[in-house]
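> coordinates only, no sequence provided:
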């Protein structure tokens, strides 16, 4: 790998090209391994594919670029505070459409910070939901038979299947 | 459409509060089994972001939990709970709290009870002479053995030799045991009414009086080492223990006292077990009428004090800032006091299974009296 390279090009699962700086890519272990394994110099035309769709990859790269300076050099408390605020704004998104995709991407790319953030955001959004709202966003069918529901209701008064 | 793999569903569930998880058990069979798994309960408890401290309060109308992190005026912060037996006995006391379990003492027996899930185990007192007065009760967790221990100490106040007995009940062994090599338990109560044992740092703590040395102190029972330890009070602590409350404020062993002029003095033991680390960390003039009794239940991260204010005119929970200014209060028909209320951490934890080594020596032998069930 040439040390002069500052950004690398990756392909999303949809086949779109994205640029990500080397320092931002270091937030992900698999991307980091790619940096070490694959030749990114000009005379090398191999472009690695990331199994993440374009819509999600845009967000993941945005997160990496924002967090890279702090991850690489450490930061003051005020920076950490600012970053926290940024994270909250960044995470204002639809659960089904994008948040779950980001969680899967963070898992796949071994990005601990983003993984925790996505899990916590999902949990915060879910905690006040009803059972049927949860089924909807997770695409889950109620597989309790009516007898089982009746029995559980008897054992746990106040238990609701809706 | 995205379908999350089970591992990621679990990762999200681990970050949800107990209340939501209990509701989401009805989502589907997979979720019910994920949430009911004892390993999940353990991981959930260890994940600090999803756990919450609440007050369990045995009111006349039945037990309830109070979420004091939200506004005290918020009615949804109070949730009615099911006592292990119905109807809930009047005058039951709370004797301890540990990892989401609360130790209830209805009358000469205990319940180790998880108020969040309703799970409970009945533990009878060890047999003792009718002359004996129980004065030490508590619940602790032995992390080395993954076992819960109920501690009970009693003495005979009519006997000049202070006959006494201290035993602990292991949930795993399902039996009471004495501390090995100890024949003498030279402790008495330091106040009229016994108070809950406080679990911190692997030990259960009580304010006590040692009659062989004539010293007031904190008695600790280390549940892992199964031994008793004396912890000294601060040198310059001159208050009566009757008006002193032992607590675990901010994760430290704490003593709080309300003086006549409504100053609450809070002492923290900054380094556990080190007498020299006792620090008078706060003296707060709490804005409550003179003559009321007040004891701090909880210190929040921001230094706010959550306390109980009881008097003849009423009972209320009070939230005040670190200067003593009352920020919020709520009145209750039934007082929140040190015998009927305790802080507990919501958990989905279950009790370890009984290994059966203790046998059934304390099972009630009342079979003959049991009502025969008629044909249905």
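In hand now; what should we look at? Given the structure is predicted, the values throughout are model-derived calculations rather than measurements.

> so which residues of chain A form helices?
Assigned by DSSP state H, the helices in chain A fall at A:22-25, A:29-37, A:54-73, A:77-90, A:100-108, A:112-126, A:131-138, A:146-155.

> how about whichever residue of the stretch 251-376 of chain B sits closest to chain A: what's its closest non-neighbour residue?
The nearest approach of the stretch 251-376 of chain B to chain A comes at residue B:346, 12.7 Å away (C-beta to the nearest C-beta). (C-beta placed from N, C-alpha, C; glycine too.) Excluding its sequence neighbours, the residue lying closest to residue B:346 (C-beta to C-beta, 6 or more residues apart in numbering or on different chains) is residue B:18, at 4.1 Å.

> tell me the contacts of the one you found?
Applying C-beta atoms under 8 Å, 6 or more residues apart in numbering or on different chains, one finds that residue B:18 lies in contact with B:44, B:50-52, B:116, B:346-348.

> return the helix or strand in the chain with minimum mean pLDDT.
Here I'm looking at chain A. Ranked by mean pLDDT, DSSP states H and E, the weakest helix or strand in chain A is helix A:29-37, scoring a mean of 79.

> that's the other chain; I wanted chain B
Least confident helix or strand of chain B, by mean pLDDT, DSSP H and E, is strand B:293-299 with a mean of 80.

> quick check: buried residues in the next helix or strand after that strand?
Following strand B:293-299 in sequence order, the next helix or strand is strand B:305-311 (DSSP states H and E). Within strand B:305-311, the residues that count as buried by 16 or more other C-beta atoms under 10 Å in any protein chain shown are B:305-310.

> can you say which two of these are spatially most distant?
B:305 and B:310 (15.5 Å; C-beta to C-beta).

> contacts only, for the residue nearest in space to the middle of chain A.
Closest residue to the average C-alpha location of chain A: residue A:102 at 2.8 Å, with C-alpha atoms, centre = their mean. Neighbouring residues of residue A:102 by C-beta under 8 Å, 6+ apart: A:56, A:59-60, A:93, A:114, A:118.

> grab the nearest non-local neighbour of it.
Closest residue in space to residue A:102, ignoring its immediate chain neighbours: residue A:118 at 5.1 Å, by C-beta to C-beta, 6+ apart.

> let me know the pLDDT of the one you found.
On pLDDT, residue A:118 comes in at 96.

> tell me, how many residues neighbour it?
Residues within reach of residue A:118, counting by other C-beta atoms under 10 Å in any protein chain shown, total 27.

> surely it touches residue A:103?
Yes. Applying C-beta atoms under 8 Å, one finds residue A:118 in contact with residue A:103, separated by 4.0 Å.

> and for the residue in chain A that chain B sits nearest to, the neighbour number?
Residue nearest to chain B within chain A: residue A:123 (3.7 Å; C-beta to the nearest C-beta). Counted by other C-beta under 10 Å, the residues lying close to residue A:123 total 19.

> picking up where we left off before, pick out the lowest-pLDDT one from the contacts of residue B:18.
Lowest pLDDT among those: residue B:50, with 68.

> Three-state assignment for residue B:198, please.
strand (DSSP: H, G, I helix; E, B strand; the rest coil).

> pull the contacting residues for it.
Listed by C-beta under 8 Å, 6+ apart, the contact set of residue B:198 reads B:96, B:138, B:204-206, B:246-248, B:253.

> tell me which of these fall in strands.
Using DSSP state E, B:96, B:138, B:204-206, B:246-248, B:253 are the members of the contacts of residue B:198 that sit in strands.

> look up how far residue B:92 lies from residue B:66.
Per C-beta to C-beta, to the nearest Å, residue B:66 is found 17 Å from residue B:92.

> quick one: name the residues of chain A near chain B.
A:96, A:100-101, A:103-104, A:107, A:115, A:119-120, A:122-123, A:126-131, A:134-135, A:138-144, A:149, A:152, A:159-161 (C-beta under 8 Å from any C-beta of the partner chain).

> buried ones from the residues you listed, can you make that a PyMOL selection?
Selection of the buried residues among the residues of chain A next to chain B in PyMOL, burial being defined by 16+ other C-beta under 10 Å:
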select buried, chain A and resi 100+101+103+104+107+115+119+120+122+123+126+127+129+131+134+135+138+140+144+161
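
> bridging residues for residue B:316?
residue B:309, residue B:331 (DSSP bridges).

> what's the neighbour count on it?
Other residues near residue B:316 come to 21 when the count uses other C-beta under 10 Å.

> quick check: it touching residue B:331?
Yes. With contact defined as C-beta under 8 Å, residue B:316 counts as touching residue B:331 (4.6 Å).

> doesn't residue B:289 belong to a strand?
No. With three-state DSSP as the criterion, residue B:289 is coil rather than part of a strand.

> so what's the closest residue to it other than its chain neighbours up against?
Excluding the flanking residues, the one nearest residue B:289 by C-beta to C-beta, 6+ apart is residue B:311, at 7.1 Å. Applying C-beta under 8 Å, 6+ apart to residue B:311 gives the contacts B:289, B:291-293.

> and if you look at residue B:307?
B:264, B:286, B:294-297, B:317-320.

> can you do 6 Å?
Residue B:307 sits next to B:294-297, B:318 when contact means C-beta atoms under 6 Å, 6 or more residues apart in numbering or on different chains.

> so how far is residue B:286 from it?
In terms of C-beta to C-beta, residue B:307 sits 7 Å off from residue B:286.

> shared neighbours of the two, which are they?
Common contacts of residue B:307 and residue B:286 (C-beta under 6 Å, 6+ apart): residue B:294.

> contacts for stretch B:255-272?
Contacts of stretch B:255-272 with the rest of the structure, by C-beta under 6 Å, 6+ apart, involve B:201, B:234, B:239, B:243-245, B:252-254, B:277-286, B:290, B:294, B:296.
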